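Engineer: Fold the following and give me the result.
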Amino acid sequence: MIQNPKITTYSTFYVGQISHYFRSPRDYTIIFSVKKKSVKTRSRPQPGVWTLYCHQSKIISFPTTIMYTKTSVSISEALLSPVKSKCFLKLLRDNPLLEEVEIINTYTIGKRKTDLFQTGMWTLILQHAGLQSIVLHNTNCVPQKTRQYEKKLVCSVLHELCITFCDLNTASISWIAANFTSHQHLARLVLSDNAMTDESIKVLCNMILANHSVSYLDISNNNFGYNATGYICQMLTDANDACKLETLVLESNRIADAGATLLAGTLNTNTKLCMLNVKNNNIARDGVLQLVNMLFQNTNLLTLSLANNYQDESTQHQLQSALQTNTTLRSLDVSMLRDESTLLSNHYTDWNTRLNMVELLKASWHIHYIRFDGIHTSTHEIGRMQAQLAQNTSLCRISFSGCGLTLSDANELAQGIGQNASIQHLDLSNNKLCRCSKIRHNPHVLGDRFWQAIGCNKVLQVIRLGGNMLGTESMWAASSFITSNETLIQLDITNNNIGDMGALVMLHALSNNTHLEQLDLRQNNTYALSFSKLLSNIIKQRICMQQKNILHVHGIALNITLNEMRLFKRTRIHRTMQISKNDIIEIWTQDCIARKSAFMLLTCPRLYHGPFSHLCIDTLRIILSFNIMYA
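Structural biologist: Model prediction:
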């Protein structure tokens, strides 16, 4: 079994005596509070709900595994019992609106029970006409070659098939090929982390050639080598033009120099592939050089990732020349591109990733997105890069994640980005800019100098600052920026130890901002119910002002009332259906409309249908913008 699978974690909320909280499809947590002082819990809570019961300062949790909404059903992190298996199969069978099926970190016990569940599940999946996405991660519910499942001739709209961390053997790949080749809408195929062999890759390539619809293929972290790369190249050079592949992800395998040379020769003539990712494939200087020389001939590739391989000074010069010649490449990833002298060395440090970023940026005059993650440089080079960033007119997105930047480096980069008129996305995460943020009156604070410089850029939409130890004091300057900024759409400040006060300052800034759509506060603190109520009121205020930009805040729960929960229960299809944030927004929107209608009818029914209706609506909108209707 693959070690260390990615596990989803949940937060615990202390809300009164008893509370229910739900996990929505967009990873939001929603609190359902009950004000009664004494409530008895059930021995077995309903599927899709976590019940937290507080008794004498002790929290007892009952986790359940089935998450069910109107269009999706999910099982996560459990040993699947026969009762839950039957419930899951019933949800698959009875919901014709189902679009997504997700099984994560879930196992069935016993060979007979496993066979029965797999037979029922895959039979229903193959017969479902509306299913669009299937996601299996770290589970034994994978298809088996030795067992045949009933299949109807339905007009399938399956768009995505994702099976990861499941140890697929050649027999399982053959079963997938036999049953999904006929799905003419299948566009995205993800089979990463499955220890697939060269023979499995050969079967998979034949399936893609026969399918004529798969445009995205991810087979990363499967540890295959040269022979499998040869099968992939044969697929890309098919004489019948049957391969429609546009995105190919080969990250974390063992293609090495020989495989890179094969890929480079294939891409010299391929006219369909738009994205190639060969990150972390132990490709040395010669293989990287072949891929760089390919850029002189290929005019269709839009995205290329060479990250976490090896290069030398001559490779850098050749890459700069290729970028000046190739005018079609739009995205380049050279993160952690290490010096070849460290290939045989057992000692690895961050300073082995030397790369002349200034000259590379100067040659990338047509590149829209470039990643320098993990590449350390000097303060002098940062100063030169500031001037280069100010002059660049094509760059839309740039990343300096994990580059060991200091606070002065961040301020220098902010000056250059502020003078730039094209950069929309900036990533400075995991640099630990404020290493001593817990010290009172600490001078290492991401202050007004940074935010004022960034604010000069009138097109910037996304800023990522996660993992920088910003602390509470940095949030005061950030809140002033958010209050006045009208272009920023997304801000990421995860894992920055901002505390309750920092989150409160950011929420206050959000109440005066009508353009920000996403704020990520995860891995900072566990916030109390008062934060949930405040956030819910801010979102309601936007709804009442008829704003199209609905606010999404990760890390703080939404608060819903008992009446709102009852309203959802009346409209749900199945009793185990789980509430999602979309349902909450819909309920709040309908409630706002009902309040407006009631207010207008009670105040002046004649004006409501008369010539002054627009004036009344505008006046009421101003009133509702102050949240009076929700007071």
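Engineer: K540 and W588 touch, don't they?
Structural biologist: Yes. Counting by C-beta atoms under 8 Å, W588 is a contact partner of K540 at 5.6 Å. The way it works is simple: take the backbone N, C-alpha and C, and place the C-beta from them, glycine included.
Engineer: Where does pLDDT dip in the stretch 501-631 of the chain?
Structural biologist: Residues of the stretch 501-631 of the chain meeting the criterion pLDDT under 70: 573-578, 598-631.
Engineer: Where do the strands of it begin and end?
Structural biologist: For the stretch 501-631 of the chain, strands defined by DSSP state E, counting those that start in this stretch occupy the ranges 518-520, 552-554, 558-560.
Engineer: Can you show me the helices along the stretch 251-400 of the chain?
Structural biologist: Ranges of helices within the stretch 251-400 of the chain are 256-267, 285-297, 313-325, 357-363, 379-391, based on DSSP state H, counting those that start in this stretch.
Engineer: Export the ones you listed as JSON lines, with columns for distance to R93 and mean pLDDT.
Structural biologist: Compiled in JSON lines, those are given as follows (distance: least, C-beta to C-beta, whole Å; pLDDT from 0 to 100):
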{"stretch": "helix 256-267", "distance to R93": "45", "mean pLDDT": "93"}
{"stretch": "helix 285-297", "distance to R93": "49", "mean pLDDT": "93"}
{"stretch": "helix 313-325", "distance to R93": "55", "mean pLDDT": "91"}
{"stretch": "helix 357-363", "distance to R93": "56", "mean pLDDT": "89"}
{"stretch": "helix 379-391", "distance to R93": "57", "mean pLDDT": "89"}
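Engineer: Of all those, which one is nearest I489?
Structural biologist: With C-beta to C-beta, the closest approach to I489 among these belongs to helix 379-391: 20.8 Å.
Engineer: how about the helix ranked longest in the chain: buried residues?
Structural biologist: If you go by DSSP state H, the chain has its longest helix at helix 581-603. Neighbour-count burial for helix 581-603, counted by 16 or more other C-beta atoms under 10 Å, picks out 581-585, 587-588, 591-592, 595-596, 599-600.
Engineer: any weak-confidence spans in this protein?
Structural biologist: Low-confidence segments of the chain (pLDDT under 70): 1-65, 77-78, 144-155, 239-240, 341-354, 435-443, 573-578, 598-631.
Engineer: related to what we said a few turns ago, of the helices of the stretch 251-400 of the chain, which is nearest L217?
Structural biologist: Minimum separation from L217 across those (C-beta to C-beta) falls at helix 256-267, 13.6 Å.
Engineer: how far does that closest one sit from the chain's center?
Structural biologist: Computed by C-alpha atoms, centre = their mean, to the nearest Å, the chain-centroid distance of helix 256-267 equals 30 Å.
Engineer: Check stretch 244-255 too.
Structural biologist: Distance of stretch 244-255 from the chain centroid (C-alpha atoms, centre = their mean) equals 20 Å.
Engineer: Show me what counts as buried in that stretch.
Structural biologist: Under the neighbour-count criterion of 16+ other C-beta under 10 Å, stretch 244-255 has L245, E246, T247, L248, V249, L250, E251, S252, N253, R254, I255 buried.
Engineer: Convert it to CSV, retaining C-alpha atoms only.
Structural biologist: Output of stretch 244-255 as CSV, limited to C-alpha atoms (Å, rounded to 0.1, in the frame of the first residue of the first chain):
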residue,chain,number,x,y,z
LYS,A,244,-6.5,14.1,-29.0
LEU,A,245,-4.2,14.5,-26.0
GLU,A,246,-3.5,18.2,-25.2
THR,A,247,-2.2,17.9,-21.6
LEU,A,248,0.4,15.3,-20.5
VAL,A,249,1.6,15.1,-16.8
LEU,A,250,4.6,12.8,-16.3
GLU,A,251,5.7,14.2,-13.0
SER,A,252,7.8,12.1,-10.5
ASN,A,253,8.7,9.1,-12.7
ARG,A,254,12.0,7.8,-14.0
ILE,A,255,12.1,8.8,-17.6
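Engineer: residues making contact with it?
Structural biologist: If you take C-beta atoms under 8 Å, 6 or more residues apart in numbering as the criterion, stretch 244-255 is touched by 192, 208, 212-226, 228-229, 232, 235-236, 263, 272-283, 305.
Engineer: which residues does K113 contact?
Structural biologist: By C-beta under 8 Å, 6+ apart, the residues touching K113 are P82, S85.
Engineer: which parts of the host helix or strand of it are buried?
Structural biologist: Secondary-structure assignment from DSSP states H and E places K113 in helix 111-127. Residues T114, F117, Q118, T119, G120, M121, W122, T123, L124, I125, L126, Q127 are the ones in helix 111-127 that count as buried (16+ other C-beta under 10 Å).
Engineer: which one of these sits closest to Q546?
Structural biologist: Sorting those by distance to Q546 puts I125 at the head of the list, at 41.1 Å, by C-beta to C-beta.
Engineer: The closest one against L98, yeah?
Structural biologist: No. At 9.9 Å, I125 and L98 do not qualify as touching, with contact defined as C-beta under 8 Å.
Engineer: Now do the shared contacts for those two.
Structural biologist: Residues touching both I125 and L98 by C-beta under 8 Å, 6+ apart: L92, L131.
Engineer: quick one on the thing from earlier: now tabulate the buried residues of stretch 244-255 in a markdown table and tack on distance to S474.
Structural biologist: Formatted as a markdown table, the buried residues of stretch 244-255 follow (distance: C-beta to C-beta, whole Å):
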| residue | distance to S474 |
| --- | --- |
| L245 | 45 |
| E246 | 41 |
| T247 | 38 |
| L248 | 41 |
| V249 | 36 |
| L250 | 39 |
| E251 | 34 |
| S252 | 35 |
| N253 | 40 |
| R254 | 43 |
| I255 | 43 |
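Engineer: Go through those residues and name the one nearest W476.
Structural biologist: E251 (40.2 Å).
Engineer: Chain neighbours aside, what residue packs nearest to that closest one?
Structural biologist: Leaving aside its chain neighbours, E251 sits nearest to S220 (3.8 Å; criterion: C-beta to C-beta, 6 or more residues apart in numbering).
Engineer: tell me the contacts of the one you found?
Structural biologist: Residues near S220 by C-beta under 8 Å, 6+ apart: S192, D193, V249, L250, E251, S252, N253, N277.
Engineer: Quick one: neighbours of the second one, just the number.
Structural biologist: Applying the criterion other C-beta atoms under 10 Å, we find 24 residues in the vicinity of D193.
Engineer: residues contacting it?
Structural biologist: Neighbouring residues of D193 by C-beta under 8 Å, 6+ apart: I2, T164, F165, S220, N221, N222.
Engineer: can you tell me which of those are in helices?
Structural biologist: Among the contacts of D193, none falls in helices (DSSP H).
Engineer: In these, find the pair that's most separated.
Structural biologist: Going by C-beta to C-beta, the pair spanning these furthest: I2 and S220, at 13.0 Å.
Engineer: what comes up buried for stretch 214-232?
Structural biologist: For stretch 214-232, a neighbour-count test (16+ other C-beta under 10 Å) marks 214-222, 224-225, 228-232 as buried.
Engineer: Quote the end-to-end distance of that stretch.
Structural biologist: Criterion C-alpha to C-alpha, to the nearest Å; first-to-last residue distance in stretch 214-232 is 14 Å.
Engineer: Wait, a strand at L79?
Structural biologist: Yes. Secondary structure assignment places L79 in a strand (DSSP: H, G, I helix; E, B strand; the rest coil).
Engineer: got a list of what it touches?
Structural biologist: L79 neighbours (C-beta under 8 Å, 6+ apart): T106, Y107, T108, I109.
Engineer: quick revisit: same list (the buried residues of helix 581-603) but as a markdown table, adding distance to A528.
Structural biologist: Output for the buried residues of helix 581-603, formatted as a markdown table (distance: C-beta to C-beta, whole Å):
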| residue | distance to A528 |
| --- | --- |
| K581 | 20 |
| N582 | 25 |
| D583 | 24 |
| I584 | 19 |
| I585 | 23 |
| I587 | 23 |
| W588 | 21 |
| D591 | 25 |
| C592 | 26 |
| R595 | 28 |
| K596 | 31 |
| F599 | 32 |
| M600 | 37 |
